[in-house]
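[1] please work out how this folds:
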Amino acid sequence: MGTHVLGIGDRHNDNIMIKRTAEFFHIDFGHFLGNKKYQFGLLRERTAFVLTPEMAVAMGGEGSDGYEQFLQLSCQALQVLRRRADELINLLLLMLPSGMPELRSRDDIGFVSEMLALGRTDEEASLMFRQEASKGLKDFMKRVDNQMHILAHA
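    Residues are numbered from 1 along each chain as shown. Sure thing, here's the model as predicted:
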């Protein structure tokens, strides 16, 4: 949920690792706050949340208890971040002088407020996330992007 809210991009299968405990963790944080990566003039990331059908299968498949538990835990994590939004935004404000190309002004931090759905109720924010997860499952371009990485590193 943290990578989702911070808009960390370039999420493909080469940037997601798996621990021996079967937990996913992300590496390579070169793009964030919703800045997207292009390749050959094409936008590679078209959804705000990366969730591939293969990931859903690993949870038991879309509609399974494991998949529903994932969605429930994700929504709970979102609510925790929403309650701590002021702290998160203040930390980003403190980073403005860092010189990061994607964090130059207060406007750049607005992305986090949008991802946290701060103007919405908890229920509306959770529904928004569930819709993003569903879009991720249907994103054909993410599957193409993953296949391109597999071919490039085979």
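[2] identify all contacting residues around stretch 53-63.
    The contact list for stretch 53-63, computed with CB atoms under 8 Å, 6 or more residues apart in numbering, reads A22, F24, G66, Y67, Q69, F70, L137, R143. Any C-beta I mention is one placed from the backbone N, CA and C, and that applies to glycine too.
[3] run a quick check on E102 versus L33, I expect a contact.
    Yes. Contact criterion CB atoms under 8 Å: E102 and L33 qualify, at 5.1 Å.
[4] joint contacts of those two?
    Joint contacts of E102 and L33 (CB under 8 Å, 6+ apart) are D108.
[5] for these two, indicate the residue with more neighbours.
    Of the pair E102 and L33, L33 is the one with more neighbours under other CB atoms under 10 Å, namely 20 against 14.
[6] what sits up against the lengthiest helix in the chain?
    As assigned by DSSP state H, the longest helix anywhere in the chain is helix 65-83. Applying CB under 8 Å, 6+ apart, the external contacts of helix 65-83 come out as 1-2, 5, 56, 59-61, 88, 116-118, 122, 125-126, 129-130, 133.
[7] quick one, what contacts the closest residue to K19 other than its chain neighbours?
    Leaving aside its chain neighbours, K19 sits nearest to F25 (6.5 Å; criterion: CB to CB, 6 or more residues apart in numbering). Taking CB under 8 Å, 6+ apart, we find F25 in contact with I16, M17, I18, K19.
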